[in-house]
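# here is a sequence with its predicted model. Questions after.
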Protein chains: 2
Amino acid sequence: MTRYQVLVDEVLPDEMLSLMAEDCEVHVWPADEAALAPLLPAAEGLLTYGHPRVDGALMDRMPKLRVISNFGVGVDHIDLEAARQRGIPVGNTPRILDGATADMTFALLLAAARNLVVGDRYARSPDFTHYDPSLFLGQEVHGATLGIIGMGSIGRQVARRARGFDMTVLYHNRRRDLQAEAERGRRNAGRPDTRGRANFGTHKTPATRETRG
Amino acid sequence: MTRYQVLVDEVLPDEMLSLMAEDCEVHVWPADEAALAPLLPAAEGLLTYGHPRVDGALMDRMPKLRVISNFGVGVDHIDLEAARQRGIPVGNTPRILDGATADMTFALLLAAARNLVVGDRYARSPDFTHYDPSLFLGQEVHGATLGIIGMGSIGRQVARRARGFDMTVLYHNRRRDLQAEAERGRRNAGRPDTRGRANFGTHKTPATRETRG
């Protein structure tokens, strides 16, 4: 059987390669153009793992390209309109990482609030000579106000976690989310208020012209 | 007015000193015994901020001692029975830090699970040369099982936060906590099971002979 020719922009973990090995011949995107040039015309699939720019000019160099698959939900680096015009479907992984992303949001929020990384570095340094319960106290998280810009499926997961910390959630979204507002302590607010009145903030939006800056 | 003579084991933050300045003359516990000796007989109050050992022998050197106050809830370092025999009340700060302690429990749990400190160090090092979404993935937190040894007021706060992460909570306590069990996903278990079947674990108990080891 001839295997599908697949181009991928990064060296993949073995678990992923073994899943594809039976049906696909996987080529890693080479760094230099001379090595890349002969791979493009044969490629039937493109798997983007990092965030390489995939535009119409690239697609035009891949006449056999039948599918683009993206590792992750964000496809800001892929020109979806160019793909549509060429009849190339683009796949991504919505929902799969919502929980992990919300977990990581709280990992970063708590670590920033309570100086975890700074404190770890200090504790391993010669400067740390005695116990002092007032060092690097940072800010309280429970009872604080969290601003969420973008109340999509990830934003809602973040809001659920915030409730366990007795946080007030202000959110800003293109559309009001009445289901979210029905839950205790979630209020719709304008973007300036969501930013300005919150103690902590997180953006859970696609990167578009509307959401940048 | 003669101010109360208070001995404290650490240099206190200014906010704390200013609260006491009107009524108390605060002496910081000196490192050498020769300087300490004259302070002990006059001290009417002892404020423990770090965890110095406070036993009957020390109390016997402080004949005017009328109160021991501890910064924090844990009084493992104070011989409560020796204080009781001498009629010296011992104060601590129960409940005040329950929320902060539960927040910090999740800060540490999430950071350990998702390799936050390790990843931060890597990202700042010359070894970090390109984006790889599979580096330092660690373990999923949401949906995992959390074992809580000691379901007191801090343990219950930890359990509340765990619910926002869809975690199953196993707990072990001297007494069963039926109110806790009434909440979704909390189950009473023996100490070996609470430790052995959980993906993550936390101890929220006083340090006694029963809970050590």
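Yep, it's here.

# do the worst-scoring helix or strand of chain A on mean pLDDT and chain B meet at all?
Confidence across the helices and strands of chain A bottoms out at helix A:178-182, with a mean of 75, counting by mean pLDDT, DSSP states H and E. No. Where contact is defined by C-beta under 8 Å from any C-beta of the partner chain, no part of helix A:178-182 touches chain B; the two come within 14.2 Å at best. C-beta: built from backbone N, CA, C; applies to glycine.

# and that helix, what does it pack against?
For helix A:178-182, the elements it packs on are strand A:186-188, judged by 3 or more C-beta pairs under 8 Å, 6 or more residues apart in numbering or on different chains; DSSP states H and E.

# please enumerate the helices of chain A.
Counting by DSSP state H, chain A has these helices, from start to end: A:14-20, A:33-36, A:56-60, A:80-85, A:98-113, A:116-123, A:153-164, A:178-182, A:191-196.

# now distance to A:Y171 too, for these, in CSV please.
Written out in CSV, the entries for the helices of chain A read as follows (distance: least, C-beta to C-beta, whole Å):
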stretch, distance to A:Y171
helix A:14-20, 35
helix A:33-36, 44
helix A:56-60, 36
helix A:80-85, 26
helix A:98-113, 13
helix A:116-123, 26
helix A:153-164, 7
helix A:178-182, 7
helix A:191-196, 6
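
# returning to what we had before: quick one: residues in contact with the least confident helix or strand of chain A.
Contacts made with helix A:178-182 from outside it, assessed by C-beta atoms under 8 Å, 6 or more residues apart in numbering or on different chains, are listed as A:151, A:156, A:159, A:171, A:186-188.

# quick check: which of the helices of chain A is nearest to B:D14?
B:D14 sits nearest to helix A:116-123 of all the helices of chain A, at 20.5 Å, using C-beta to C-beta.

# buried ones in the closest one?
Taking 16 or more other C-beta atoms under 10 Å in any protein chain shown as the neighbour-count basis, helix A:116-123 is seen to contain the buried residues A:116-117, A:119-120.

# how about these in JSON lines, adding distance to chain B?
Written out in JSON lines, the entries for these read as follows (distance: C-beta to the nearest C-beta, whole Å):
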{"residue": "A:L116", "distance to chain B": "6"}
{"residue": "A:V117", "distance to chain B": "5"}
{"residue": "A:G119", "distance to chain B": "10"}
{"residue": "A:D120", "distance to chain B": "5"}
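
# then the least confident helix or strand of chain A to PDB, C-alphas only?
As requested, the backbone C-alpha atoms of helix A:178-182 are provided in PDB (Å, rounded to 0.1, in the frame of the first residue of the first chain):
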ATOM      1  CA  LEU A 178     -27.400  34.200  30.200                       C
ATOM      2  CA  GLN A 179     -26.600  30.700  31.400                       C
ATOM      3  CA  ALA A 180     -23.400  31.900  32.800                       C
ATOM      4  CA  GLU A 181     -25.100  34.900  34.500                       C
ATOM      5  CA  ALA A 182     -27.600  32.600  36.100                       C
END
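
# centre-most residue in chain A?
A:G74 (6.2 Å; C-alpha atoms, centre = their mean).

# quick one, domains of chain A?
Taking automatic domain parsing as the domain assignment, the record places the domains of chain A at A:4-91, A:98-203.

# report the distance from the last one to the chain centre.
Think domain A:98-203. Going by C-alpha atoms, centre = their mean, to the nearest Å, the spacing between the C-alpha centre of domain A:98-203 and its chain's C-alpha centre is 17 Å.

# and it, end to end?
Between the opening and closing residues of domain A:98-203 there is a gap of 13 Å (C-alpha to C-alpha, to the nearest Å).

# for chain B, what are the nearby residues on chain A?
In this structure, chain A approaches chain B at residues A:10, A:13, A:49-51, A:71-72, A:99-100, A:102-104, A:106-108, A:110-111, A:113-114, A:116-117, A:120, A:130-134, A:140-143, A:157, A:160-166, judged by C-beta under 8 Å from any C-beta.

# make a ChimeraX selection of the buried ones in those.
Buried members of these, identified by 16+ other C-beta under 10 Å, are gathered into one ChimeraX selection as follows:
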select /A:10,49,51,71,72,99,100,102,103,104,106,107,108,110,111,113,114,116,117,120,141,142,157,160,161,162,163,164,165,166
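
# before we move on, back to that, pull out the buried positions in the least confident helix or strand of chain A.
For helix A:178-182, using 16+ other C-beta under 10 Å, the buried residues are A:A180.

# got it, and stretch A:40-50?
Of the residues in stretch A:40-50, those with enough neighbours to count as buried (16+ other C-beta under 10 Å) are A:40, A:43-49.

# straight-line length of that stretch, end to end?
Taking C-alpha to C-alpha as the measure, stretch A:40-50 stretches 18 Å from start to finish.

# got any ranges where chain A has weak pLDDT?
A:1, A:184-185, A:213 (pLDDT under 70).

# one more pass at 80, please.
For chain A, residues meeting the criterion pLDDT under 80 lie at A:1, A:130-133, A:177-186, A:206-213.

# farthest pair within the buried residues of helix A:116-123?
Between any two of the buried residues of helix A:116-123 (C-beta to C-beta), the greatest distance is 7.3 Å, for A:V117 and A:G119.
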